[in-house]
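K.L.:
Task: produce atomic coordinates for the following.
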Amino acid sequence: MRRTLLAVSLLLAAAVLHAAPPAATPAPAAAWKARVAQSLPLLGHRNWILIVDSAYPLQSSAGVETIETNADQLEVTRAVLDTIHRSIHVRPVITMDAELPFVPEQDAPGVGAYRTAVAQLLHGLPVESLPHDKVIAQIDEAGRQFHVLVLKTRLAIPYTSVFIRLDCKYWGADAEKRLRAAMPGSVAAGR
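P.N.:
The predicted structure is shown next:
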């Protein structure tokens, strides 16, 4: 009986060793890009996607999901914006830290080149500037009810995060205003 069990065990071990290798795990770039592509159809107005520097804190709100991309921040921003632009339902409203224009090169080497590159990347998009603490408070509040996807990058320059609040692509503020004006006063509360 023992010999039979030993023989069967050896045969199984040999079969496992000669079996096809397991499928490779996706590379980090493929994994975060796949997660963005998978998430975007589920996200809508009031959701956020953050592309953050390497020191951005891991948030504890239940609605905040953080992914380490191990990628260049501008590359991640470009990929996320491309994915949003291809969607039929959302558009980006971007917030940048108000501190970024004042970060000196001597304290953060590379900040000048970053400012130029991110300005080119975001050219033509609605971008607002708020103090970092105010942006974090907005995200904290949003994370209590809505999903926030945080993509950490390997960038090591302060105040460089790109905060993208998603808004409805096919229904704008002017349309909402006309709708509310046409509704009776008691039901015109708003979205």
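
K.L.:
host element of the residue most central in space within the chain?
P.N.:
Nearest to the mean C-alpha position of the chain, by C-alpha atoms, centre = their mean, lies residue 49 at 3.5 Å. Per DSSP states H and E: residue 49 is located in strand 48-52.

K.L.:
How about residues contacting that strand?
P.N.:
36, 43, 56, 73, 76-77, 80, 84, 139, 142-143, 146-153, 161-166 (C-beta atoms under 8 Å, 6 or more residues apart in numbering). Backbone N, C-alpha and C define where each C-beta goes, glycine included.

K.L.:
For stretch 151-165, give the mean pLDDT please.
P.N.:
For stretch 151-165, mean pLDDT is 97.

K.L.:
I'd assumed residue 155 was in contact with residue 111.
P.N.:
No - Residue 111 is beyond contact range of residue 155, at 10.4 Å (criterion: C-beta atoms under 8 Å).

K.L.:
contacting residues around residue 161?
P.N.:
So residue 161 contacts 50, 51, 52, 53, 56, 96, 97, 135 (C-beta under 8 Å, 6+ apart).

K.L.:
quick one: what helix or strand has the last one in it?
P.N.:
Same thing as residue 135. Residue 135 belongs to helix 132-145, assigned by DSSP H and E.

K.L.:
which residues touch that helix?
P.N.:
46-48, 50, 59, 61-64, 95, 97-99, 130, 148, 159, 161, 163, 165.

K.L.:
Recalculate using a threshold of 7 Å.
P.N.:
Outside helix 132-145, the residues that touch it by C-beta atoms under 7 Å, 6 or more residues apart in numbering are 46, 48, 50, 59, 61, 63-64, 95, 97, 99, 148, 159, 163.

K.L.:
Please enumerate residues in contact with the helix or strand following it?
P.N.:
The element immediately downstream of helix 132-145 (helix or strand, assigned by DSSP H and E) is strand 148-152. Outside strand 148-152, the residues within contact range by C-beta under 7 Å, 6+ apart are 32, 39, 47-52, 54, 56, 63-69, 76, 139, 142.

K.L.:
Could you check the angle strand 148-152 makes with strand 48-52?
P.N.:
10 degrees (axes from the mean of the first three to the mean of the last three C-alpha atoms, to 10 degrees).

K.L.:
Quickly run through the sheet partners of strand 148-152, with directions.
P.N.:
strand 48-52 (parallel), strand 64-68 (parallel) (DSSP bridges).

K.L.:
Between these, which has the poorest mean confidence score?
P.N.:
Averaging pLDDT over each of the strands paired with strand 148-152 puts strand 64-68 lowest, since it has a mean of 93.

K.L.:
Give the buried residues for that strand.
P.N.:
Using 16 or more other C-beta atoms under 10 Å as the test for burial, strand 64-68 gives 64, 67.

K.L.:
Could you figure out how far it is turned away from helix 132-145?
P.N.:
110 degrees.
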